[in-house]
Every structure is written in structure tokens, then in C-alpha cells.
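got a sequence here, can you build the structure:
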Amino acid sequence: MPQRADHLADIATAAISVARKIQGEPFDDPEIIPLVHLDRIVLRHIHRYPGIHPSALAADLGLQPSNASTAIRSLTAKGMVDKTKDPADKRAVRLHTTDLGESVTARVRRAWADLLDPLIAADEDAERLARLLVDLDDALNRHVGSHGSLDLQRSADRP
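Alright, predicted model coming up:
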């Protein structure tokens, strides 16, 4: 009989496999600007956490600060992300998606919804699975340290 640890390991294995398959699908929408893998991850995270500090973004995603900075510069140069001064600390910046970044994100989400629609028949199943995965992602974001390792003492540096 499978143990809890087996189920949890299966969740991680399946999540990684599903993510790779979804990310590997090409987009038919010509309005979706091609991005390298890291830029896509960073854009999605900024979209999900508008106003995030670059250091929190790097910590959440388990990135070296220099790698996060490279992706932020790339997305800023493409007009998809803006940096604004943090009103609480003028030396710090907060990250936001631009209208273009929001448009591309919405188009990608629509393409992914179209991909998964025929595979998940019941609306209740889609809602339940979405809630479980988003809650898991949120929990991991609250506890992932600066190099992708779990750190239960981590304080979130998000708005």
C-alpha cells in the first residue's frame, strides 16, 4: 500500500512532467512574443506577484540574483516589465508587468487553457486541481530560500 511519501513524490514527479510537456508546446498565436525559458518563468512570476522586489523574485524562483537581473533586464528591454521606485525605500525597486507583458501573459494562458480543455472534462475537476496546485505553489513560494532550498524562516519580500 503506497505511503504518504510515495504520493507526495508522485505529485512532484507528475508536476515536473506536466510542466515540461506544457512548456514544450509551440504557440500558434503570432502575438505571443518568443521568450527564453527563464524570461517566461520570470514574467509569469511578476504577473502573479505585481510589485515584487527583484530579491524576492530571485528567492521565490531559486535563482542567483545575477540570473534574475539578466531576465529582468531582458524583459524590460522587450517592454514587458517596468521597474518602479519602492515608495517605502527609494533605493529599492518593484517589478510590474506592462500592458504588453499582460497581453502576452493572457495569450499564453489562453493557449494553455485551449491545450488542456479537451483533457480535463469536468469543470469541477479543473477548479479543484487548479486550487490544489496554486495552493501548493503559494506554500512553496512562502518557504523556498534564496537558492531553491526549503527555509521555513524565510520572510516574504512581496507586496
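
packing partners for the biggest strand by length in the chain?
Using DSSP state E, we find that the single longest strand of the chain is strand 89-97. When contacts are defined as 3 or more Cβ pairs under 8 Å, 6 or more residues apart in numbering; DSSP states H and E, strand 89-97 packs onto helix 37-48, helix 54-61, strand 81-86. From N, CA and C alone the C-beta is placed, and that goes for glycine too.

buried residues of the second one, list them for me.
When neighbours are counted by 16 or more other Cβ atoms under 10 Å, the buried residues of helix 54-61 are found to be 54, 56-61.

and for the closest residue to residue 93 other than its chain neighbours, the neighbour number?
Of all residues not flanking residue 93 in the chain, residue 83 sits nearest, at 4.4 Å (Cβ to Cβ, 6 or more residues apart in numbering). Residues lying near residue 83 (other Cβ atoms under 10 Å) number 14.

and residue 83, how far is that from residue 14?
36 Å (Cβ to Cβ, to the nearest Å).

state the distance from the nearest residue to residue 120 once chain neighbours are set aside to residue 117.
The shortest distance from residue 120 to any non-neighbouring residue, by Cβ to Cβ, 6+ apart, is to residue 126 (4.8 Å). Distance check for residue 126 against residue 117: by Cβ to Cβ, it reads 9 Å.
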